[in-house]
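In: I would like the atomic coordinates for the input below:
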Amino acid sequence: QLQLVESGGGLVQPGGSLRLSCAASGSRLDNDAIGWFRQPPGKERKGVLCVSHGGITTNYEDSVEGRFTISRDNAKNTVWLQMNNLEPEDTAVYFCAVDPESAGLCRLFEPSRAYWGQGTQVTVSS
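Out: Numbering: from 1, shown residues only. Got it, this is the predicted structure:
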């Protein structure tokens, strides 16, 4: 059974940076598309970035363009979300997710059938 554990969240000032990690166990991620999602307070969860099995990135959220980067290391079975120039609007619980049925492609990623981590809180505030 695939399990995902996010870490790296915390409190950061506007303009600061954080690097979130998503470590997988129970299954290899080499052939999977992996997404980062976020849920701001009182709002629904939405996609941020996705990386395909081949390392191609798909951006789901225009506001993070040029500030957030997704990367993966298959040897470590880990995916990261590098977040720079953080804004208060980035405050949210961040989740990683894997859809084993997406054939490794972000365009086929379906959150409803994905495995999810428990999330990590990111708070951007002065």
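In: Not counting stretch 57-64 itself, show me its contacts.
Out: 35, 46-52, 65, 69-70, 83, 87, 89-90, 106-107 (Cβ atoms under 8 Å, 6 or more residues apart in numbering). To be clear about C-beta, it is placed using only N, CA and C from the backbone, and glycine gets the same treatment.
In: if you set the cut-off to 6 Å instead, what comes out?
Out: 47-51, 65, 70, 106 (Cβ atoms under 6 Å, 6 or more residues apart in numbering).
In: Drop anything exposed from those residues.
Out: 47-51, 70, 106 (16 or more other Cβ atoms under 10 Å).
In: how near is the residue nearest to D32 when sequence neighbours are not counted to G66?
Out: Among residues not flanking D32 along the chain, V98 sits closest, at 5.0 Å (Cβ to Cβ, 6 or more residues apart in numbering). Going from V98 to G66 by Cβ to Cβ, to the nearest Å gives 26 Å.
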